[in-house]
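Q: Pasting the sequence and the predicted coordinates here, then a few questions.
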Amino acid sequence: MALKIVKGSIDRMFDKNLQDLVRGIRNHKEDEAKYISTCIDEIKQELKQDNIAVKSNAVCKLTYLQMLGYDVSWAAFNIVEVMSSSKFTYKRIGYLAASQCFHESTDVIMLTTNQIRKDLSSPNQYDTGVALTGLSCFVTPDLARDLANDIMTLMSHTKPYIRKKAVLIMYKVFLKYPESLRPAFPRMKEKLEDPDPGVQSAAVNVICELARRNPKNYLSLAPLFFKLMTSSTNNWVLIKIIKLFGALTPLEPRLGKKLIEPLTNLIHSTSAMSLLYECVNTVIAVLISLSSGMPNHSASIQLCVQKLRILIEDSDQNLKYLGLLAMSKILKTHPKSVQSHKDLILQCLDDKDESIRLRALDLLYGMVSKKNLMEIVKKLMLHVDKAEGTTYRDELLTKIIDICSQSNYQYITNFEWYISILVELTRLEGTRHGHLIASQMLDVAIRVKAIRAFAVAQMATLLDNAHLLTGNTQHSGICEVLYAAAWICGEFSEHLEDPMATLEAMLRPKVATLPGHIQAVYVQNAAKLFSTVLCSQEGAPADSKVAQETSQLLIDRLPVFVQSDNLEVQERASCILQLVKYIQKLQQKDVEVAEEVTALFAGELNPVAPKAQKKVPVPEGLDLDAWINEPPSGSESEDEGRKTKGKAVFAKEESRHTKPRYTEVDEKELAKRREVRKAEQANNPFYIKASPSSQKVYQEAVGVEHIPVVQIDLSVPLKVPGMPMSDQYVKLEEERREKNKADRKKKDKKKRREKGRQRRGDSGPESEEDITPAHMVDIVTEEMPENALPSDDDDKDPNDPHKALNIDLDKPLADSEKKLPVRTHRPDEVLKSPIEDVEGLEVTSEPKKKSGKEKKDKERKKGKEKKKKKHKQEEGEDLMEAGSEEPVQSKVTNDVAAQPPASTPEEAAAVTDDPPASTPDAGSGVAAVVPDSEPEETKSSKHKKKKQKKEKDKKKKHHHHHHSDGVREESVQNGTVEDEEPLPPMSNYALLAENSYIKMVCDIQGNLHDGSQVVVSVIFENKCDSFIKSMEFNVMDSLNSKLQRPEGAGPHDSLTVPFHLPPGISNEARFIFSVQSIVMPQKLKGTLTFIVKTEDSSTHEKLDFKLHFTCTSYLITTPCYSDAYAKLLESGDLKGSSLKLEGINQPFHHLLARICFHHHFSVVERIDSCASMYSRSIQGHHVCLLVKTADQTVSIDAKCDEPGLLRNVLDEIKLTFSQC
Amino acid sequence: MIKAILIFNNHGKPRLSKFYEHYSEDTEQQIIRETFHLVSKRDENVCNFLEGGMLIGGSENKLIYRHYATLYFVFCVDSSESGLGILDLIQVFVETLDKCFENVCELDLIFHVDKVHNILAEMVMGGMVLETNMNEIITQVDAQNKMEKSEAGIAGAPARAVSAVKNMNLPEMPRNINIGDISIKVPNLPSFK
């Protein structure tokens, strides 16, 4: 044997290690991929070897390859093997690999729970540390739920190194398992005052991270943080706290006042720039929150702005950047104070550093006024031309549009200038923001009526020069502009100078290369143009020939679109083509058609607010969830589904729902509402009526003076040589302003400002007033439905994981909450490697020691008391300790028993309903929560072993015992669990019995620490609408298996289930059985009696069940190393047996997972379609399996030192697979 | 929260990547490439903050980086981290590497990426800063290395010998490649303790 080991290590020396791999890759620069693929082949070979050193070396190399972008998820199982090595060296390699490549959907993660739990409780602090670090990267909701208790215990570990890691990882646990937040929070709070600065810092870190997302829940911690802030010297902690205060002050202005002084002190005393900056930042936040209440804090704001100016002027680019960043915070609430530093910010626009330029751009948003908008945008346009990267240029583009369009185009005085800016922007190559420009064009053209003529002219030029935009398909982003151009030209075609030319431009063959949705708009608007052209031509009868030519043009050009592969284009084109053909026929008969054609496109389109649809209030008495017609039977609904699926091409699915909704409002109601709406619209000055007459009225009201002052030459070419076009408007605008000023002086007396938009612009700087907009544009406010619901929650992301953490933490913990509602899948086993047994090196892991100690404690009652005191501070959260002591335990149980009826049903539902959503076996519909769950070993140690002889069934009797949940049962198996689903959702809980009131499912597990004990966890689910109480559980003992009852109870007494069940709630209780022989499976008959309490009556009910203790349930998952396994097989002590399963067509790893999961085996080694597995019974029997698969046949060769047990286990495995 | 820590050299070759959120391998490589692209085109004397790339979280996140000789150290963080604080943390990280490797250079990172990961694990855990005190970090790293050595024991000796022989025989000895040292002493750092 020893020779083997030496030989192994010599072999290993010549294996490629990580350094060799790296070196090899560097030497194969030309054919790196090929070299790596040979390396991966080598690694695969190495992973097949028994030697854990070889394996971990291979895993180490895989981690490196993962960094280079190779997917190594196929080795996930090997990584788990390396993680479970007992040597720290290998364990660390395993955990590193896992942290780099495991994630929530890695399926082997579910195999790691017990390994991680073992490492967490390892006596070696670095084993624990490495496990915590790894876990922090790949924790899943299941792991979080299963390990939350263990980690919480570690928060009070003696070593600060472990404490700080445990505290930090709790944040991840909270995220994945929000139910743990409330129970764990008191201890987390405690850690804020931990003597070790590292632990303290970790706790601050976690709480700040939590508070940042839901600040209002943490306001009550403010005094504590205040104390920390004034006492701590750790800058990290200070920064975090100060940042946190920044988030808290908006919620509690009084806090802000208190903060100013210590913050100012810090600013003066600290030498760390980072701290100083955060202080300034928080002072700003404080001032903002204060001044919102009292307006006269502007002096302090000015002071802050001055300080920031110093930062911005600093030569250190980092400070400059941060200064600008902080400045933008002030900008939101105090734009005026920032505006005075316009010079500085404009200067930053020229900085060579892009980050700084971007920050300065943000600030510009608040800097603009009517007066300087053109100047600033001109400057930005220069930057656009210079910008080298598309990202920065796109940023500039969006900023220009943002700045111009902010608060309803408040600062734009000349829309011709703005349109020309937009047109200039279309010349940007490769921008992603074509749609943005397009929507601006549309918006302006629709809402600013006075500008339409100009806009149409510009758009016509754009259409004519479309080839410039689409010359390269790469620039497809910008061709979105054509969408807007085509629509504007079509819709407002009456303003076109030469509609015929534009029509021709829109029907060029090249258009067919544009994206479908744009083509569709082209086709539709070509028709609109056509109607306009007809109108103008039919006036003069001599032109009838021309009119016919126009029709011919359409008939010639449209077929290209009829053949389009885009459905929308095709449909519109063929429709319009037929129309035109018909019109042509009429034209040939000299019929005047223009008027009728125009009628097709008559009517005005009004802008609608983007959220209007969402804000339509639900009419009173309308229940959107109620069925309008009772749902059809299953087969019909399926048919319908198919039908609507077919229709979905034309109508989105929602339309199906909305339509019937409205049918419910009756005609009368509709008429009434129409009246109300009309009345309201009449009173609303911003509502533009659809009828032409009302429009006229409106225009008259505006007055003649508001017609553009400047005469615009409509034939401006796209580009003026030498000078960009928008500059012209800048000049014109300046002239206009001059002229305006002169005018105003003249009619000084008359000067009274008309009602209009300027009112809104009054916030601008002083000179603002002197500028009259060139157009008294009627900016139409977007239509909103009447009675629109004001709601600001539209923007909240429903998927934000932090939403789940919005939990009130100030509410005192209910008794049931003091413990984590953890649903343990299996007893907390302490895993032992068989090597340790074989070599007699019994490694007693921590929990085992504890339980031993506790036994002694129990004997000496005084000792118990002492211990209780010691753990008092842990508020009963330390389950291991609390559960082991009888007085404590019974108290807890009483509390639990009393609690559920006291709490409101909602509360109880909230506690119990949530977890199953994340449990893999939620499919069974069982809400499995154990408010009083206790790790198994403590329970088992509580009672003395009882060994009794096998015996035949006894008669049923119902005895009632008041006893805690610590009841033992005999081991049973649950391989018979129904498991038709593929891998991930497997449940150990099998249905025990069910009637119309209650459902019982159970899981049976052996107890590692006591070879004669089996734990049965039963989940009781209340299925009826009534309260279920006084549940009593009894089982008829056999000679071999006995229910453990409290001392003093008779052998036939039943046990009280320590809780009540409100309707719809489920809860779990554990029962301990003592068992003597584990060779045979066994069935025990039992009865559950309970009282169903309705409002006026209560009835006694009972439910019979049969507990099936299979041999598998006596097995305990125990990992085994391949060398020890080999030794075991060589020893010759084991007797063999075999099994063949036919017709198994599931993947091999599923098969293995099934055996692991249902029969408590662990995989020792797997090579292709062959695997060796190991398990151990509670009485120490070794069970070894060799599983092979070929062509749907699985053969299992098994060896065990107890042939009877083996035979039964194999039968049970067979049963498992016959059921799936 | 720190979203990711990346180290790559002047040519964009990854030397260490640590993502605290899950991405597929391809996305990870894309993020590294994108980040390199963003960072590498920046001059030496510009600020160390960068608006996040498209891939890793968008505008909510910031890239904070430092450039040492041939290597870029990039931290991608969200708004809860202090920018200057992270810059200091990078400095602590690099100084720790310098102590642990004795005059660290790019080659140390190339050949011992696992060790770098172990050091990093003592500083940042699951995206949150665990420890900023350099001495404490080094103490813990050393203690773990000592454990590793004691576990290797005699069995490890031949392997080490062979490794040394391998290094000797190869014409391309890592130290021969002249990539230059990482200059650790960056002047004018806001001190952070």
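A: Nice, I can see it. Numbering: from 1, shown residues only, chains lettered A, B, ... in the order given.
Q: For the rest of this, base every contact and every neighbour count on C-alpha atoms.
A: OK.
Q: Against A:Arg1207, how distant is the nearest residue to A:Gln1076 once chain neighbours are set aside?
A: Using Cα to Cα, 6 or more residues apart in numbering or on different chains and skipping the chain neighbours, the partner closest in space to A:Gln1076 is A:Asn1040 (5.3 Å). A:Asn1040 sits 19 Å away from A:Arg1207, going by Cα to Cα, to the nearest Å.
Q: same deal with A:Cys1111?
A: A:Cys1111 sits 9 Å away from A:Arg1207, going by Cα to Cα.
Q: For the two, indicate the residue with more neighbours.
A: A:Cys1111 (29 against 21; other Cα atoms under 10 Å in any protein chain shown).
Q: Specify the local secondary structure of residue 64.
A: You didn't say which chain, so I picked chain A. Going by DSSP: H, G, I helix; E, B strand; the rest coil, the secondary structure assigned to A:Tyr64 is helix.
Q: Not quite, go with chain B.
A: With three-state DSSP as the basis, B:Ile64 sits in strand.
Q: show me the contacts for it.
A: B:Asn48, B:Phe49, B:Leu50, B:Val74, B:Phe75, B:Cys76, B:Val77, B:Gly83, B:Ile86, B:Leu87 (Cα atoms under 8 Å, 6 or more residues apart in numbering or on different chains).
Q: By pLDDT, give me the weakest of those residues.
A: When it comes to pLDDT, B:Leu50 is the least confident member of those, at 83.
Q: Surely it and B:Leu63 touch.
A: Yes. B:Leu50 is in contact with B:Leu63 according to Cα atoms under 8 Å; the separation is 4.9 Å.
Q: Quick one: low-confidence residue ranges for the stretch 151-300 of chain A.
A: Applying pLDDT under 70 to the stretch 151-300 of chain A flags residues A:291-300.
Q: Just give me the neighbour total for whichever residue of the stretch 501-650 of chain A sits closest to chain B.
A: Closest contact between the stretch 501-650 of chain A and chain B, by Cα to the nearest Cα, is at A:Pro610 (23.6 Å). A:Pro610 is flanked by 11 other residues according to other Cα under 10 Å.
Q: thought A:Thr502 was touching A:Leu462?
A: No. At 9.9 Å, A:Thr502 does not count as touching A:Leu462 under the criterion of Cα under 8 Å.
Q: how close does the residue nearest to A:Gln1076 get to A:Leu168?
A: Taking Cα to Cα, one finds A:Asn1040 at 48 Å from A:Leu168.
Q: Kindly report the same for A:Leu68.
A: Counting by Cα to Cα - A:Leu68 and A:Leu168 are separated by 29 Å.
Q: Between the two, which is the more surrounded one?
A: A:Leu168 (30 against 18).
Q: wait, is the more buried one part of a helix?
A: Yes. Assessed with three-state DSSP, A:Leu168 lies in a helix.
Q: Remind me which helix or strand the closest residue to it other than its chain neighbours belongs to.
A: In space, and not counting its chain neighbours, A:Leu168 is closest to A:Ala202: 5.6 Å by Cα to Cα, 6+ apart. Assigned by DSSP states H and E, A:Ala202 belongs to helix A:197-213.
Q: ok and the next helix or strand after that helix relative to helix A:197-213, angle-wise?
A: Next in sequence after helix A:197-213, counting helices and strands by DSSP H and E, comes helix A:222-231. Interaxial angle of helix A:222-231 relative to helix A:197-213 (axes from the mean of the first three to the mean of the last three Cα atoms, to 10 degrees): 130 degrees.
Q: which other residues reach the helix or strand just after helix A:222-231?
A: Using DSSP H and E, the helix or strand that follows helix A:222-231 towards the C-terminus is helix A:235-248. With contacts defined as Cα under 8 Å, 6+ apart, helix A:235-248 is touched by A:201, A:204-205, A:208, A:211-212, A:215-216, A:219, A:222, A:225, A:229, A:232, A:274-275, A:278-279, A:281-283, A:285-286, B:80-82, B:85, B:192-193.
Q: Next: stretch A:277-284.
A: By Cα under 8 Å, 6+ apart, the list of residues contacting stretch A:277-284 from outside reads A:239, A:242-243, A:245-246, A:259-260, A:263-264, A:266-267, A:301, A:304, A:326, A:329-330, B:82.
Q: same thing with stretch B:20-29?
A: Outside stretch B:20-29, the residues within contact range by Cα under 8 Å, 6+ apart are A:Gln66, A:Leu68, A:Gly69, A:Tyr70, A:Asp71, A:His103, A:Cys137, B:Ile2, B:Lys3, B:Ala4, B:Gly126, B:Gly127.
Q: Let me see the contact set for the first one.
A: Pointing back at A:Gln66 there. Here A:Gln66 is in contact with A:Val72, A:Gln100, A:Cys101, B:Glu25 (Cα under 8 Å, 6+ apart).
Q: could I get those as a markdown table with pLDDT, distance to A:Ser156 and neighbour count?
A: Converted to a markdown table, these look like this (pLDDT from 0 to 100; distance: Cα to Cα, whole Å; neighbours: other Cα atoms under 10 Å in any protein chain shown):
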| residue | pLDDT | distance to A:Ser156 | neighbour count |
| --- | --- | --- | --- |
| A:Val72 | 89 | 37 | 20 |
| A:Gln100 | 91 | 28 | 22 |
| A:Cys101 | 89 | 30 | 26 |
| B:Glu25 | 89 | 37 | 18 |
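Q: So which of the residues you listed belong to helices?
A: Residues of the contacts of A:Gln66 located in helices (DSSP state H): A:Gln100, A:Cys101, B:Glu25.
Q: Fine, thanks again, bye for now.
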